[in-house]
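>>> Sequence and predicted model, in that order:
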Amino acid sequence: MFEKTTLKDAERIVRIVMVTILFTAGTSKFFSHGGFVEYYSKLFQGDLRIQLPPFIVNIYLQLIPFIEIGLGCALLSNRYKRFAVHGWFAFMLSLLVGHYILQEWASVNQMLDYFFLGLLCFVLPNHQSWLRRDVA
């Protein structure tokens, strides 16, 4: 059906997209000068069906950019790919739950794309090196 090299190239592209998403999201939050945490903290304190303690929400919101940058770095390593993809799934699930709590249904539906991206990265084989293509 597909050559193994083609599947490995596809995995590389998927992983580059995932790393770009994580680095862009993480750095934008770092450079928001607290705006990200402040904005979402207020949303979670609103009139919601599910109420979480503000200190838990705020701690997690402050950790998010570190998680994003950390997962992005781990995805750059072939050695930690499986760990990073499992981390991607756990992180995306936490974001999905957050959007569900905020009753942002369109965002909940859009999160499925990120799960499919992770699934592709998980099932596709990867090249042994970022700098060269395996021939077989």
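Sure, I can see it.
>>> so how far is stretch 63-83 from its chain's centroid?
Between the centre of stretch 63-83 and the centre of its host chain there is 9 Å, according to C-alpha atoms, centre = their mean, to the nearest Å.
>>> ok, and what's touching it?
15, 18-19, 22-23, 25-27, 29-30, 36, 84-85, 87-88, 91, 121-122, 126-130 (C-beta atoms under 8 Å, 6 or more residues apart in numbering). The C-beta positions use only the backbone N, C-alpha and C, and glycine is treated the same way.
>>> Next step: those restricted to helices.
The helices, defined by DSSP state H, take in 15, 18-19, 22-23, 25-27, 29-30, 36, 84-85, 87-88, 91, 121-122 from the contacts of stretch 63-83.
>>> Put the buried members of those into a ChimeraX selection.
This is the ChimeraX syntax for the buried subset of the ones in helices among the contacts of stretch 63-83, where burial follows 16 or more other C-beta atoms under 10 Å:
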select :15,18,19,22,23,25,26,29,36,84,85,87,88,91,121
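>>> Who are the contact partners of Ser94?
Taking C-beta under 8 Å, 6+ apart as the test, what Ser94 contacts is Tyr60.
>>> Count the neighbours of Val108 for me.
Residues lying near Val108 (other C-beta atoms under 10 Å) number 17.
>>> That one against Gly98, yeah?
No - in this structure, Val108 is not within contact of Gly98 by C-beta atoms under 8 Å, at 9.5 Å.
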